[in-house]
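Visitor: Have a look at this fold, sequence not included:
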């Protein structure tokens, strides 16, 4: 007791030990919560692509050339030339310029200098050299490169149908999905516009070939798939390059990604197509894909010879087919009269897509559901 009295006098022993225990427990829990918050903050997923677009990031090397003769320049001078505040926005702009390979250094370094890619653009001797520089910059971002190769340079499917693929194929955290879609698509559109302004069309840079010498495989790749697991595969046979002036450039890319893919997914299929653009070469892999797919969606628009060959092959196998075409496409032989064909609106407006996607999904689903009950073209011709 004497020891306890002495401790109380010195303030070492509290009058109520239970209250001390409770306070210590609360303090311990608070420390644990703080540690958990710090852990979550430190484990925040890293953004795997630049914040700014190509056309915005190039402003950094442009002002270095214009106001400092292309020599390395201090961030303070650059931010003044850009007429913007020296805050987070300026840092992310300089970081984006660095990541694209336009410049070395950021707002936190002493100097920012032009790289060979940056010089090839701001000192370009031709439109081709400028485009080549931008494409090298685009493919310097590893994520952009693998997505571009996966989709063969085509426009991405709508973000609603892309999210699963972004997670499973490219390991992109959900936090960045919408922003990635906007930045990636905006960069592709920017590059496409540059190509369109190039006067020497015959020597313009091919969209897919920059940064790699590897030939594209003709193997099929997945355009999109339903959220619910499925083994059903719909292979798309269609033209991927426009042969007439009736349809604008990249028309079939838009049909594939904005109409056919979401409709196939809505019908419960994985949507696949050949990597080789336009099926310009009929290879064994394409024949195998046509043969093993559960359903083949065939776009008869423009009467593309290779697409018609693929249609004939599938018909000979007497396997399910869903025929489609742009409204206004002229009939061909007896297919149009003997089998159902879905006519979609070639304007591809949002309002028309809202009608065409569910209607096409019904057409695809009906083609599959009635695969045994309806007479195929082969059965009609052989009268079986």
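Guide: Sure, I can see it. Values in this document were obtained by computation on a predicted structure and should not be read as measured data.

Visitor: low pLDDT regions in the stretch 51-200 of the chain?
Guide: Confidence mapping of the stretch 51-200 of the chain against pLDDT under 70 gives the ranges 198-200.

Visitor: For the stretch 201-350 of the chain, just list every one of the strands.
Guide: Applying DSSP state E, counting those that start in this stretch to the stretch 201-350 of the chain gives strands spanning 220-224, 233-237, 270-274, 295-299, 321-326, 341-344.

Visitor: Now do the strands in the stretch 1-150 of the chain.
Guide: 103-104, 113-114.

Visitor: tell me, how many neighbours does residue 302 end up with?
Guide: By the criterion of other CB atoms under 10 Å, residue 302 has 21 neighbours. (C-beta placed from N, C-alpha, C; glycine too.)

Visitor: In contact with it, which residues are there?
Guide: 239, 242, 243, 244, 246, 247, 329 (CB atoms under 8 Å, 6 or more residues apart in numbering).

Visitor: out of the residues you listed, which is most surrounded?
Guide: residue 239 leads those on contacts (other CB under 10 Å) with 24 neighbours.

Visitor: circling back to that earlier point, can you list the strands of the stretch 201-350 of the chain in TSV and add distance to residue 60?
Guide: Shown next, in TSV, are the strands of the stretch 201-350 of the chain (distance: least, CB to CB, whole Å):
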stretch	distance to residue 60
strand 220-224	35
strand 233-237	41
strand 270-274	39
strand 295-299	44
strand 321-326	44
strand 341-344	44
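
Visitor: looking at the ones you listed, which is closest to residue 180?
Guide: Proximity to residue 180 (CB to CB) singles out strand 220-224 among the strands of the stretch 201-350 of the chain, at 15.8 Å.

Visitor: So which of the contacts of residue 302 is the closest to residue 129?
Guide: residue 242 (27.3 Å).

Visitor: so what's the closest one closest to, chain neighbours aside?
Guide: residue 251 (5.6 Å; CB to CB, 6 or more residues apart in numbering).

Visitor: Read off the pLDDT value for that neighbour.
Guide: Residue 251 is assigned a predicted lDDT (pLDDT) of 86.

Visitor: And it, how close does it get to residue 320?
Guide: Distance of residue 251 to residue 320, given as CB to CB, to the nearest Å: 26 Å.

Visitor: What is the neighbour count of the closest residue to residue 273 other than its chain neighbours?
Guide: In this structure, residue 273 finds its nearest non-sequential neighbour in residue 236, 4.2 Å apart by CB to CB, 6+ apart. Neighbourhood size, residue 236 [other CB under 10 Å]: 26.

Visitor: Residue 236 contacts residue 295, correct?
Guide: No: Residue 236 is beyond contact range of residue 295, at 9.9 Å (criterion: CB atoms under 8 Å).

Visitor: contacting residues for residue 261?
Guide: 157, 158, 161, 223, 224, 271 are the contacts of residue 261 under CB under 8 Å, 6+ apart.

Visitor: So which residues of the stretch 1-150 of the chain form helices?
Guide: All helices of the stretch 1-150 of the chain, identified by DSSP state H, counting those that start in this stretch, fall at 2-10, 17-42, 54-57, 59-68, 75-82, 88-100, 116-122, 127-139, 142-150.

Visitor: The residue nearest the centre of the chain and residue 186, how far apart?
Guide: Nearest to the geometric centre of the chain sits residue 156, at 4.4 Å (CA atoms, centre = their mean). Distance of residue 156 to residue 186, computed by CB to CB: 11 Å.

Visitor: Kindly report the same for residue 141.
Guide: 13 Å.

Visitor: Please say which of those two ends up with more neighbours.
Guide: Legend: neighbour count by other CB under 10 Å for residue 141 and residue 186, higher for residue 141 (22 against 14).

Visitor: Now do the contacts for the residue nearest to that one when sequence neighbours are not counted.
Guide: Nearest residue to residue 141, sequence neighbours excluded (CB to CB, 6+ apart): residue 49, at 5.5 Å. Residue 49 makes contact with 141, 143, 144, 176, 180, 183, 184 under the criterion CB under 8 Å, 6+ apart.

Visitor: rerun at 7 Å
Guide: Neighbour list for residue 49: 141, 143, 144, 180, 183 [criterion: CB atoms under 7 Å, 6 or more residues apart in numbering].

Visitor: Next, it: phi, psi?
Guide: phi -150, psi 160 (degrees, to the nearest 10).

Visitor: gap between it and residue 293?
Guide: 33 Å.

Visitor: what do you get for residue 225?
Guide: Using CB to CB, residue 225 is found at 14 Å from residue 293.

Visitor: Quickly list what's touching both of the two.
Guide: With CB under 7 Å, 6+ apart, residue 225 and residue 293 have no common neighbours.
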